[in-house]
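Novice: Give me the fold of what follows.
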Amino acid sequence: MKSLKDFLHDTNDLIIAALIVILAAFLIVWRFNAIMDYPNKAAAQSHQQTESVEVTNYETGTAFEDGVLSEGFTVTIGEGGDEAALAELFDNNIFEDYAQLEADLAMLDKTPADITEGTYAFSQGDTIEDVLNALASGPNNG
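Specialist: Numbers count the residues shown, from 1 in each chain. Now for the predicted structure:
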């Protein structure tokens with residue numbers, strides 16, 4: 001006749017396997033709703049991250065306060081689209097430097113060479129997008 005020690009030794013692996021299966025089943029039943037909600041939460045989080053990536057961050061000069069021009073400006077752009085021709089944009093602190101202007105125009109698929117010479121008037125309250133669109137579309141000769 002087998003002793004208790006022999007019985008436990010023979011069935012030890014089966015008992016441990018059964019305990020693991022019972023514990024796993026308990027955890028799944030206990031957290032079932034959280035497990036089933038996970039794909040919806042992940043999809044919502046992914047959608048939220050995609051929307052936040054689409055925001056464009058233009059850089060501006062000190063003439064802007066809270067994203068708008070603090071006062072109106074009239075600037076005259078010279079011929080050529082080089083730094084000297086665009087100097088009034090930097091003198092009025094609409095842009096800090098030529099590299100910043102290039103980077104902001106690049107977001108509109110434009111370059112400083114695309115800016116037509118002439119006089120541009122910008123009003124108090126104009127946003128950086130208003131300024132860039134005006135520069136990209138041509139002077140208003142005001």
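
Novice: now stretch 86-104: how far from the chain's centre is it?
Specialist: Its chain's C-alpha centre and that of stretch 86-104 lie 23 Å apart, by Cα atoms, centre = their mean, to the nearest Å.

Novice: Tell me which helix or strand comes right after the helix-or-strand element of the chain with minimal mean pLDDT.
Specialist: Least confident helix or strand of the chain, by mean pLDDT, DSSP states H and E, is helix 32-53 with a mean of 77. Sequence-wise, the next helix or strand downstream of helix 32-53 (DSSP states H and E) is strand 64-65.

Novice: From the rest of the structure, what touches whatever helix or strand comes next after that following strand?
Specialist: The helix or strand immediately downstream of strand 64-65 is strand 68-69, counting by DSSP H and E. For strand 68-69, the external contacting residues (Cβ atoms under 8 Å, 6 or more residues apart in numbering) are A63, I94, F122, S123, Q124, G125, D126, T127, V131. For glycine as for every other residue, the C-beta is placed from the backbone atoms N, C-alpha and C.
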